[in-house]
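[1] My questions concern the predicted model and sequence given below.
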Amino acid sequence: MNIEDQIRTAVDIIKGGGTVVYPTETVYGLGADAFSEEAVRKVYKIKNRDFYLPISIAVSSFEMLHKVAYIDSETSKIITELLPGPVTVLLKRKEIVPDILTAASEVVGVRLPDNEIATRIIKETGPITATSANMSGKNPPTCIEEVKINLADIIINRGKCKYSLPSTVVDMSGAAANEEKAKIKIEIKRRGACYERVLHVLRSKAAGKGLHSLPVPQLRKGGDREMCEVPEAK
């Protein structure tokens, strides 16, 4: 099956409630319809992942991003410097995002992958789950040979991932939701791919508007590519 056929098949599978292992620039992800509770439950089951641990979602455009999360104008300016790319942004979710994805939290992790295959799929299906294609707690796969789960409906093999490192997680859920000169609260929850660039963007863009805080975590290895469970981060 050529790549075009694989993409079409993956789109049909996701629309039908199935699961897909797909490539990104960070690690391979396990995708399903983010708005289908039944499909999301399949992802948790395949990964043997506890339901109290949240799962991020992936979008294909800034328009789609605005549909799932609340973003004020100043925060939006910063996000457009970070995405698309190997960054998970934590934002206040909109009502359309189901509780099962966020473990009932008001915060959702969002990825806009810098990967053509991933974004082409998402453009046709809408938001999908952005969790690594691994058993929970195990190292995220950077190539198909490292994918150990075997219950996904299709696996798209595109070789080694560009960065082969989990995304950097940036918490912007506490950013000021108004147009005033209030300070912007931002926290880097996890160091990952392109961490130095992310730090530079945050310092240059946010600091000029009054950065409230920018705590930096210790570098951790391995784990799951999820939203923000720092002890086993993806």
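    Done, it's in.
[2] The strand of greatest length in the chain - which strands sit beside it in the sheet, and in what orientation?
    When the chain is parsed with DSSP state E, its longest strand is strand 87-93. Here strand 87-93 has these sheet partners by DSSP bridges: strand 69-70 (antiparallel), strand 107-111 (antiparallel), strand 168-171 (parallel).
[3] Could you tell me how far residue 38 is located from residue 7?
    According to CB to CB, to the nearest Å, residue 38 stands 23 Å off from residue 7. For every residue, glycine as well, the C-beta is placed using N, CA and C.
[4] Neighbour count for the two, which is higher?
    Taking other CB atoms under 10 Å, residue 38 and residue 7 do not tie; residue 7 has more neighbours (20 against 10).
[5] Next up, the contacts around the more buried one.
    Contact analysis of residue 7 by CB atoms under 8 Å, 6 or more residues apart in numbering lists 117, 120-121, 156.
[6] what's the most distant pair in the residues you listed?
    Farthest-apart pair in the contacts of residue 7 is 120 and 156; separation 10.7 Å (CB to CB).
[7] Comparing the two, which residue is more hemmed in?
    For residue 120 versus residue 156, neighbours defined as other CB under 10 Å are more numerous around residue 156 (21 against 18).
[8] can you tell me how far the residue lying closest to residue 194 once chain neighbours are set aside sits from residue 191?
    Among residues not flanking residue 194 along the chain, residue 86 sits closest, at 5.3 Å (CB to CB, 6 or more residues apart in numbering). Note on residue 86: its distance to residue 191, by CB to CB, is 11 Å.
[9] what's the answer for residue 202, then?
    Distance, residue 202 to residue 191, using CB to CB: 13 Å.
[10] do the same with residue 157
    Distance, residue 157 to residue 191, using CB to CB: 28 Å.
[11] Those two: which is more packed in?
    Using other CB under 10 Å, the more surrounded residue of residue 157 and residue 191 is residue 191, with 21 against 13.
[12] Got the phi and psi for the more buried one?
    Backbone torsions for residue 191, taken as degrees, to the nearest 10, come to phi -80, psi 140.
[13] so what's the residue nearest to residue 194 up against?
    Contacts of residue 86 by CB under 8 Å, 6+ apart are 24-26, 114, 163, 165, 167-168, 192-194.
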